[in-house]
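> predicted structure and sequence below. I'll ask about it afterward.
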Amino acid sequence: MGAMALDQFVHKHNQFAKAMRKADPSIILIGSGAMPDAMTCSGESMKRTGKIITEYLGPADWTGGLFTHCLDDMDMISEHFYTYSGQRFDAETGKQVPLDPGEPLVEWMRRPANHVKVKAEAYRDYLELIPGLRERKIPIVLAEWAYSRIPPNSYRVVPAYAWVFHEMFRHSELYQMANFTFVTSLLSMNRTDAVFNPAGLLFKLYSEHFGTVPVLVSGNAPQTASTYGPGGQDPEINAGSPTFPLDVAAALTEDGTALTLAVINPTENRETIRLDIQGVNLTGGGILWRMAPDRLDAEIILGKDPEVQLEREELQGVPVEPAFAPFSVSLYRLEMEQSSRLE
């Protein structure tokens, strides 16, 4: 049917949803959403309303329109984002502008995670505006996401992608599915062979070793307010745990035998943190996996010696004040005593 206005699209959505559920009542229906950040940064708000910033529940608020008119005809809502290296969306001009060449590395690293955070903030606002959403919460499918325009085998993107993982973990009641767009960019390959590149190693590391039961992380170093102010792709408060500049996420393993703790250092400096782990008894044993190359543009190229390693270290005690190398990603598995394991 081609491009449609929002008020037309919601009718089409409901018609298709009812027909599909009639054919198969067991299916999970995902609505095709676009929150204000997506409609603003794509220029769709300007096209539809003449305003740069999308107004909640206005004619350019695509997700808001579906939440208002289609709640009974969907089970999840799809969202997406792309972060473009070397530029950002300027909410005052409505254009993509070059980054300040002197911008701290931490700003570059957390830009994709900020996309995740700004959608969580928008969902909070929807809950206030749409009473029906409080009764029938619709989780998010992050159907497309990636950091674009980066050499495919470079390590540079690894801490940024880990930060996206962490921000989704912090809102795991909201983000229940995510699909990375450039999946083949996780490989260094030729016509006959392939190996994981640095980003591929990161996905493998978290999928195999990070836990599944969320654990609260608190701290006394809160994240700062958004550098460019809220609007478009920028949240009110920057993404991250209250452990600035480090970012920390924690979870118990599914079988309740270990605590996993992931720490990102998104800066160019060596950073330390003091850990105070409460609520579980640890045995002192465990494993540390770490990615910490000497330079940000380190690569893994098929047929060449890898410049990035996934290091593995056996632990003989619980870390108290660990130090983290610049732009590193570390993941701990800390074994728990039988008495404190989940039943």
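That came in fine, so what should we check first? Numbering: from 1, shown residues only.

> for this structure, which spans come out with low pLDDT?
For the chain, the stretches flagged by pLDDT under 70 are 1, 339, 341-343.

> quick one: the helices in the stretch 151-300 of the chain?
Using DSSP state H, counting those that start in this stretch, the helices found in the stretch 151-300 of the chain span residues 158-170, 198-209.

> please identify the buried residues of the last one?
Residues of helix 198-209 classed as buried under the neighbour-count rule (16 or more other C-beta atoms under 10 Å) are 198-203, 205-206, 209. (Glycine included, C-beta is placed from N, CA and C.)

> dump the residues you listed into a markdown table; add distance to L142 as well.
Below are the buried residues of helix 198-209 laid out as a markdown table (distance: C-beta to C-beta, whole Å):
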| residue | distance to L142 |
| --- | --- |
| P198 | 21 |
| A199 | 17 |
| G200 | 19 |
| L201 | 21 |
| L202 | 17 |
| F203 | 14 |
| L205 | 20 |
| Y206 | 15 |
| H209 | 22 |
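
> for N281, state which of those is nearest.
Nearest to N281 out of the buried residues of helix 198-209 is H209 (C-beta to C-beta; 20.9 Å).

> contacts for stretch 43-61?
Contacts to stretch 43-61, defined as C-beta atoms under 8 Å, 6 or more residues apart in numbering, come from residues 5-7, 34-40, 62, 64-65, 68, 91-94, 125-126, 129-130, 231-232.

> buried residues, it. List them.
Buried residues in stretch 43-61 (16+ other C-beta under 10 Å): 45-46, 48-49, 52-54, 56-61.

> so which of these sit within helices?
45-46, 48-49 (DSSP state H).

> specify which member of those residues is nearest to A194.
For those, the nearest to A194 is S45 (40.9 Å; C-beta to C-beta).

> look up how far R295 lies from the closest one.
As defined by C-beta to C-beta, to the nearest Å, S45 lies at a distance of 40 Å from R295.

> tell me where the stretch 1-150 of the chain has helices.
Using DSSP H, counting those that start in this stretch, helices in the stretch 1-150 of the chain cover 6-23, 36-41, 44-49, 62-69, 105-129, 131-135.

> thinking again about what came up before, TSV for the buried residues of stretch 43-61, including distance to L246?
Formatted as TSV, the buried residues of stretch 43-61 follow (distance: C-beta to C-beta, whole Å):
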residue	distance to L246
S45	35
M46	38
R48	41
T49	41
I52	34
I53	32
T54	33
Y56	34
L57	38
G58	39
P59	42
A60	37
D61	35
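
> out of these, which comes closest to A250?
Y56 (33.1 Å).

> and the closest one, how close does it get to P214?
Y56 is 28 Å from P214, by C-beta to C-beta.

> R290: neighbour count?
Close neighbours of R290, defined as other C-beta atoms under 10 Å, add up to 18.

> again, but for the one 3 residues further on
One way to gauge burial is a neighbour count; for P293, by other C-beta under 10 Å, it gives 21.

> repeat for I273
18.

> contacting residues around the nearest residue to V116 once chain neighbours are set aside?
Once flanking residues are discounted, V116 sits nearest to E167: 4.1 Å by C-beta to C-beta, 6 or more residues apart in numbering. Listed by C-beta under 8 Å, 6+ apart, the contact partners of E167 are 113, 116-117, 120, 239-240.

> again, only using 6 Å
Counting by C-beta atoms under 6 Å, 6 or more residues apart in numbering, E167 makes contact with 113, 116-117, 239.

> of all those residues, which comes closest to A19?
Nearest member of these to A19, counting by C-beta to C-beta, is V116, at 33.2 Å.

> any idea how far that closest one lies from R170?
9 Å.

> more neighbours, those two?
V116 (28 against 22).

> contacts only, for the more buried one.
By C-beta under 6 Å, 6+ apart, the contact set of V116 is 164, 167-168.

> how does it look with 8 Å?
Neighbour list for V116: 81, 142, 164, 167-168, 171, 175, 239 [criterion: C-beta under 8 Å, 6+ apart].

> kindly report the same for L296.
105, 154-156, 327.

> among the residues you listed, which lie within strands?
Judged by DSSP state E, strands contain none of these.

> burial count for Q278?
6.

> could you do the one 5 residues further on as well?
By other C-beta under 10 Å, 16 other residues sit near T283.

> try the one 3 residues further on
Applying other C-beta under 10 Å, we find 22 residues neighbouring G286.

> begin at 138, not 1, for the rest of this chat.
Done: numbering now begins at 138, and the last item shifts to G423.

> what residues are up against R273?
208-209.

> and it, how far from G201?
Remark: distance between R273 and G201 (C-beta to C-beta) = 15 Å.

> for L439, same thing?
With distances taken as C-beta to C-beta, L439 is found 46 Å from G201.

> ditto for Y263
Shown here: Y263 relative to G201, a distance of 7 Å by C-beta to C-beta.

> so those two - more neighbours on which side?
G201 (27 against 23).

> ok, I277 touching E216?
Yes - look at I277 against E216 with C-beta atoms under 8 Å: they come within range, at 5.5 Å.
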